[in-house]
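> Any chance you could fold what I've pasted below:
(one chain, ligands or ions: 1)
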Amino acid sequence: MRPLPELTDENHAFWTGGERGELMIAFCKDCAAAIHPPQLVCPRCLGESVTPRPVTGTGAVYTFTVNHQPWHPDMAVPFALAVVDIDGAPGVRVTAQVIDADPEAVRIGQRMEIAFEQSDDVWLPLWRPSR
Ligand SMILES: [Zn+2]
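Next up is the predicted model:
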């Protein structure tokens, strides 16, 4: 059992979009900025017309780390955590665990696609190598 995020008005779309298989990113309608972590007010122009919309759910590994420390009793190690530049959301990077891959084989620039794992009312994002 992983620790789960607390759902708020700001982050609800991000953490529940996985129910529909959608990676939801907040965008400002005034200046088009992609905003992550999600906020109700745009940090760039202070506009309040921020709404989430689905992106493709693909991207490229910006950086990653391989974790060998079992921080939680139920945590299987080793695993890779990747920070991925999101296609269609300039400047947005989403950090998540990599699945369906040898942790030692993850590389910077590697193409990834989103997957989700439901836990209670949250759909945790995961990265898997693109096929
Ligand atoms: Zn804005």
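> Show me what from the protein comes close to the ion.
28, 30-31, 33, 42, 44-45, 47 (CB under 5 Å from the ion). Just so you know, the C-beta spots here come from the backbone N, C-alpha and C atoms, and that holds for glycine as well.
> mind checking the backbone torsions on the residue nearest to P103 when sequence neighbours are not counted?
Excluding the flanking residues, the one nearest P103 by CB to CB, 6 or more residues apart in numbering is A80, at 4.0 Å. Backbone torsions of A80, given as degrees, to the nearest 10, read phi -100, psi 140.
> circling back to that earlier point, please convert the buried members of the residues of the chain next to the ion into PyMOL selection syntax.
Those of the residues of the chain next to the ion that count as buried under 16 or more other CB atoms under 10 Å are selected in PyMOL with:
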select buried, resi 28+33+42
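> could I get the residues of the chain next to the ion as TSV with distance to W127 and pLDDT?
Below are these laid out as TSV (distance: CB to CB, whole Å; pLDDT from 0 to 100):
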residue	distance to W127	pLDDT
C28	25	98
D30	31	97
C31	28	97
A33	23	97
C42	27	97
R44	26	96
C45	30	98
G47	30	97
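> Quick check: the most centrally placed residue in the chain vs W15, distance?
Centroid-nearest residue in the chain: V94, 3.7 Å away (criterion: CA atoms, centre = their mean). V94 sits 12 Å away from W15, taking CB to CB, to the nearest Å as the criterion.
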